[in-house]
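Peer 1: sequence and predicted structure, then a few things I'm wondering about:
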Amino acid sequence: MRLLYAIRDAYRKSTQLRLTSYFMAILIPLVAVSLYANVQSQRILNEQVGERTLAALRSTMAHIDLTLQNIEELSVLTATDYNMNQQLRHQDVDSPAEATIDFQKVLFSLTNMNSVNTMLTQISIYHARSGLIFSSRYGVRRLEEYRNEAWYARTVEAGGDSVWMIPDRNTYVGGEREVDPIFNEDSVTLLRLMDQLDSPVRQNILMMTIGKEKFLNVIENLTASTPSSRVLLLDRYDNRIVGSDRDESIAEIRATENREGVMIKTGDDGDSLSMRVRSKTSGWSLVLVQPEKAIYAKSNKVREFTYLIAIVSVLLALLISWGVYRGIAAPLLKLAYGIKQIRLGNLNARLSANRPDEFGFLNRSFNEMAEEQQHLIENIYKQQLYTAKTDLKFLQSQINPHFLYNTLDSIYWTAKNYDAEEISEMVVHLSHFFRLSLGEGRDIFTVEETIEHLQYYLQVQQIRYTNHFSVKFDVDPETLQIPILKLLLQPLVENAILHGLEKKPEGGELYVGARIEGAYLRLEVRDDGVGIDPERLSFINGKLNKITYKDVLRVTNAGSESVDLYGLSNVKARVMLFYGEDARIRIESQEAAGTAVTIWIPLEKMHALAAGM
């Protein structure tokens with residue numbers, strides 16, 4: 001657990017470790033997928049190689065079977081040929097001239113058949129009555145004591161079936177002197193009894209010989225793509241007929257499973273794939289032995305290249321993460337250190353800004369910011385703070401509530417002495433207005449206090465304008481105790497009087513309303529004065545729409561660009577500043593019909609602000 005916690009803490013604190021982890025998180029799955037794909041492709045390649053090789057072996061074996069079948073059919077036709085059997089009825093070639101002529105015809109027929117069928121090396125007939133062998137290649141030869149030869153006995157025992165004789169260097173059928181022209185280690189011979197016309201005792205034998213090089217030419221195509229491969233053609237008893245390697249051990253082939261398929265054989269030179277296909281008709285089989293190194297030479301190079309790419313990718317990931325750390329994370333750490341120094345009050349902190357890239361720009365900007373901040377704090381801010389404190393003390397000494405009340409009281413009694421009732425009434429209302437405005441330093445009034453404050457202000461204005469307009473208050477009782485900013489409606493009422501009702505020839509009406517709409521307090525100040533022309537209204541709305549929550553400090557400190565918009569701008573800025581972006585204000589006006597200003601303030605924000613103050 002401690003190790004896990006240590007790794008977790010190091011991961012949180014080290015950007016280089018995180019970058020390396022990110023690169024590895026991306027790279028490792030890709031490498032794993034590549035290795036898995038490589039293994040699967042190797043397996044698929046093995047299967048495809050085995051299938052293709054078996055298909056090639058079956059095709060070659062089918063070709064050999066077709067050749068053997070053709071020879072079998074030719075031997076049946078020849079052995080059962082009536083004319084040829086009639087010509088072989090004589091006892092000896094030294095018989096009358098008729099026998100000599102017939103024997104010459106037999107030899108001529110054999111020669112013609114051999115010239116037509118190029119697969120055959122020679123076609124021979126053993127004439128049992130005379131002991132002569134008629135060969136399309138060697139002519140006529142005499143062979144005595146034939147009954148003692150194994151090939152003769154096997155052919156007779158086979159009856160009408162064919163017998164394949166496959167001599168090798170260690171097998172001699174009969175005496176080498178007499179038999180070698182027909183039976184030798186470089187040929188394969190098919191033996192079949194000829195049909196007998198009169199005597200079943202002394203039987204003639206048809207012999208069709210095929211050179212082993214014919215089979216070798218067929219099977220050597222299997223090793224063309226892999227020169228180190230070896231291929232063997234075996235008979236039904238697994239005796240070697242022919243092979244691409246004369247030194248191939250027959251015992252080793254016999255030791256393998258005697259079935260069709262793919263077998264893995266281990267030897268001194270490494271593993272080999274041994275594939276075997278057996279013919280169902282002849283019983284012969286083809287065996288192909290291929291070294292795995294030769295088969296998978298190209299795929300092994302691809303696999304090694306894949307491993308090399310994986311290793312290089314991991315190294316590159318480490319190098320890139322280190323380079324990213326040196327190029328990005330390290331400058332960010334230095335920048336964070338500089339910001340921390342500024343936050344701790346070290347305004348003399350500076351960063352190296354020699355880099356020409358974005359980080360150099362950030363460092364230069366940081367240095368400029370630090371210098372500007374230091375200048376503002378040490379010069380402008382201190383100076384403005386001192387001035388503000390001085391002005392505040394001066395205003396506090398001048399605008400003293402007792403001084404203001406005493407002055408207004410003196411004006412009131414002076415007006416009384418001169419029987420100036422209107423002046424006295426204005427002074428009384430003005431006194432109440434200032435008393436509520438000061439509000440013992442409070443910034444939050446209830447709706448009820450706001451309406452009372454407006455009443456004193458409006459009474460003064462009505463006296464001033466000799467009751468030129470009337471006032472209507474429509475305040476929902478549920479809203480009376482809701483807290484709002486003081487002096488929030490006074491600028492709107494003032495604008496309604498100055499810009500709406502004052503310019504109206506006849507008397508008008510000022511409407512002040514407050515009610516709850518959902519989660520908002522809705523405040524409305526409306527007059528039926530001269531209204532605002534559309535162009536002017538569009539201008540006012542455009543200016544007010546530019547005031548966002550981020551701009552309230554600029555507006556409240558710098559004021560509006562237009563003096564006559566100062567009241568509206570101040571109201572919207574205060575609403576945005578204290579109640580956030582959920583609060584909104586809307587101005588609607590129509591020429592000669594009047595103007596309405598509506599404010600919506602979230603109730604939740606109003607109560608939260610009052611609780612905080």
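Peer 2: Looks like it arrived, so ask away.

Peer 1: in the helix or strand containing Met576, what counts as buried?
Peer 2: Using DSSP states H and E, Met576 sits within helix 566-579. Going by neighbour count (16 or more other Cβ atoms under 10 Å), the buried part of helix 566-579 is Gly567, Leu568, Ser569, Asn570, Val571, Lys572, Ala573, Arg574, Val575, Met576, Phe578, Tyr579. For glycine as for every other residue, the C-beta is placed from the backbone atoms N, C-alpha and C.

Peer 1: summarise which helices and strands the helix or strand just after that helix is packed against.
Peer 2: Sequence-wise, the next helix or strand downstream of helix 566-579 (DSSP H and E) is strand 584-590. Packing contacts for strand 584-590, counted by 3 or more Cβ pairs under 8 Å, 6 or more residues apart in numbering; DSSP states H and E, involve helix 534-545, helix 566-579, strand 594-602.

Peer 1: so for strand 584-590, mean pLDDT?
Peer 2: When pLDDT is averaged along strand 584-590, the result is 93.

Peer 1: could you report the neighbour count for Thr100?
Peer 2: Thr100: 14 surrounding residues under other Cβ atoms under 10 Å.

Peer 1: and Ile377, by the same measure?
Peer 2: Ile377: 12 neighbours (other Cβ under 10 Å).

Peer 1: just to revisit the earlier point, which one of the buried residues of helix 566-579 is nearest Ile101?
Peer 2: Distances from Ile101 to the buried residues of helix 566-579, taken as Cβ to Cβ, are shortest for Met576 (135.2 Å).

Peer 1: roughly how far does Trp600 sit from Val447?
Peer 2: Distance of Trp600 to Val447, given as Cβ to Cβ, to the nearest Å: 14 Å.

Peer 1: now do Glu502
Peer 2: Going from Glu502 to Val447 by Cβ to Cβ gives 27 Å.

Peer 1: just want to know which of the two has more residues nearby.
Peer 2: Val447 (22 against 16).

Peer 1: ok, what's across the strand from Phe134?
Peer 2: Beta bridges link Phe134 to Ile125, Val140, judged by DSSP bridges.

Peer 1: what's near enough to touch it?
Peer 2: Phe103, Val106, Leu107, Leu110, Ser124, Ile125, His127, Val140 (Cβ atoms under 8 Å, 6 or more residues apart in numbering).

Peer 1: the residue lying closest to the second one once chain neighbours are set aside: how many residues sit nearby?
Peer 2: It stands for Val106. Once flanking residues are discounted, Val106 sits nearest to Gln87: 5.1 Å by Cβ to Cβ, 6 or more residues apart in numbering. Using other Cβ under 10 Å, Gln87 is surrounded by 19 other residues.

Peer 1: per-residue confidence at Gln87?
Peer 2: Confidence score, pLDDT, at Gln87: 82.

Peer 1: so what's it up against?
Peer 2: By Cβ under 8 Å, 6+ apart, the neighbours of Gln87 are Asp102, Phe103, Lys105, Val106.

Peer 1: once you drop chain neighbours, what's closest to the third one?
Peer 2: Taking Cβ to Cβ, 6+ apart, and ignoring the residues beside it in sequence, Lys105 has Gln87 as its nearest neighbour in space, at 5.4 Å.

Peer 1: picking up where we left off before, mean pLDDT lowest for which of the helices and strands packed on strand 584-590?
Peer 2: helix 566-579 (a mean of 83).

Peer 1: could you list every helix and strand in contact with that one?
Peer 2: strand 483-485, helix 490-495, helix 534-545, helix 552-558, strand 584-590, strand 594-602, helix 603-612.
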